[in-house]
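> I'll drop the sequence and a predicted model, then ask my questions.
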Amino acid sequence: RFAIASATKPFTATALMLLVRDGRIDLSDPVCRYLRGCPRRWAGIRIANLLDHTSGLADRSPRSVDDRALAEVVSGLKREELLFPPGDDHTYANANYHLAGYIVEQVTGSSWPEFLEARILSPLGLGRTTVDRVPAATERAAVGYMTSLSPDGDRVPVTEAISDLAGHGTPNPNPAGGLISTVGDLHRFARSLDEARVLPPALLRTMWTPTGPGRYGDYGLGWETFPQNGTRVVQHGGGMPGFSSCISLYPREDL
C-alpha cells in the first residue's frame, strides 16, 4: 500500500458528484450555503470552483495546517485573502479540496472518511484504500524514502517530521491528499468509473471536461484531461516526500 497524495482528489471530487447525483447539492451552489460565518469575499465561490481550482483560495503555510481537524483548517482559510475573484483564474491549491471535504461533512453529517467508506470504498470493494497519515504504520505499507537529507545521499525513511520539514503539512483527515491505496484498488476505482457504476455518464463527462481558464486549463473537476500521443488521457497525479503516484484512464482504448 502506497500513499497516493493528490491522487486522492478524484475520490473527493467523486464524493461531491455523488451528492450532486442525489440532489443534495448543485455544482452552482455557493459554498456559503453550507458554511457558518462565511466571509463576504467568498460569496462568489461555487462548489464547482473548488473542484476545478478556480475559487481563488490559496494554500496556507504547511505548519499552520498540519494535523488539524478540517473545521480548524477551514476556519483558518476564512482569514486568508483570495488570490483572484472566483472564476477569473486557475491556481492549483489543496485548500480547495480541504473545503470540499468539509462541505461533504456539513451536508451529510458524516465525516469525510465515513462518507468515502460508505459510498465509494465499501461498495466498490476497495478494501485496501484507507485514510492514514502514516502509511508505514499500516499493514503491508510501502515506506517512502528521501535521498537528499545528508551529504552522502543516504536513503532516509520518511517520517511525519521529515514530511513536515519538506513542506507537506496536511490536515487530518486530508481530502486533498490523505489516502493510501494499492494498484489493484486504483484499477477497480478507475474501472468502476469508466463502467458508470459510480456515476451516470453525464456526470462523468462533467468531471472529465476541462473548465479552467489560464493556467491548468486542462483541469476538469478533480481530473486533468488532455491529448497524449494521439489519444485522450484522463488522469491525476500526486506527490509527497518519498512517494509519487498517478492514476490514468484512456477511455478510447478502454485502458
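Arrived safely, thanks for sending.
> pull out the buried residues from stretch 221-229.
Buried positions in stretch 221-229, judged by neighbour count with 16 or more other CB atoms under 10 Å: 221-225. Just so you know, the C-beta spots here come from the backbone N, C-alpha and C atoms, and that holds for glycine as well.
> in the stretch 151-255 of the chain, what residue spans correspond to helices?
160-165, 183-194, 201-207 (DSSP state H, counting those that start in this stretch).
> can you say which of the ones you listed is nearest to A95?
Nearest to A95 among those is helix 160-165; the distance by CB to CB comes to 17.5 Å.
> can you pull out the strands in the stretch 1-150 of the chain?
Assigned strands in the stretch 1-150 of the chain, in chain order: 2-3, 130-131, 145-146 (criterion: DSSP state E, counting those that start in this stretch).
> before we move on, back to that, format the helices of the stretch 151-255 of the chain as TSV; extra columns: distance to D152 and mean pLDDT.
Formatted as TSV, those follow (distance: least, CB to CB, whole Å; pLDDT from 0 to 100):
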stretch	distance to D152	mean pLDDT
helix 160-165	17	62
helix 183-194	32	95
helix 201-207	46	95
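> what's the closest of those to C246?
Proximity to C246 (CB to CB) singles out helix 183-194 among the helices of the stretch 151-255 of the chain, at 9.5 Å.
> packing partners for the longest strand along the chain?
In the chain, with assignment by DSSP state E, the single longest strand is strand 231-240. Strand 231-240 is packed against helix 9-21, strand 224-228, strand 243-249, with contacts defined by 3 or more CB pairs under 8 Å, 6 or more residues apart in numbering; DSSP states H and E.
> for it, what is the average pLDDT?
Throughout strand 231-240, pLDDT has a mean value of 93.
> before we move on, the earlier item: just name the most buried of the helices and strands packed on strand 231-240.
Highest mean neighbour count of the helices and strands packed on strand 231-240: helix 9-21, a mean of 23 (counted as mean count of other CB atoms under 10 Å).
> how far off strand 243-249 does it point, in degrees?
If you take axes from the mean of the first three to the mean of the last three CA atoms, to 10 degrees, helix 9-21 sits at 50 degrees to strand 243-249.
> can you pull the alpha-carbon coordinates of helix 9-21 into CSV?
What follows is helix 9-21, C-alpha atoms only, in CSV (Å, rounded to 0.1, in the frame of the first residue of the first chain):
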residue,chain,number,x,y,z
LYS,A,9,-8.6,14.4,-5.2
PRO,A,10,-10.6,12.3,-7.7
PHE,A,11,-12.1,10.4,-4.8
THR,A,12,-13.1,13.6,-3.1
ALA,A,13,-14.5,15.0,-6.4
THR,A,14,-16.5,11.8,-6.8
ALA,A,15,-17.9,12.2,-3.3
LEU,A,16,-19.2,15.7,-4.2
MET,A,17,-20.6,14.4,-7.5
LEU,A,18,-22.5,11.6,-5.7
LEU,A,19,-24.2,14.4,-3.7
VAL,A,20,-25.0,16.1,-6.9
ARG,A,21,-26.5,12.9,-8.3
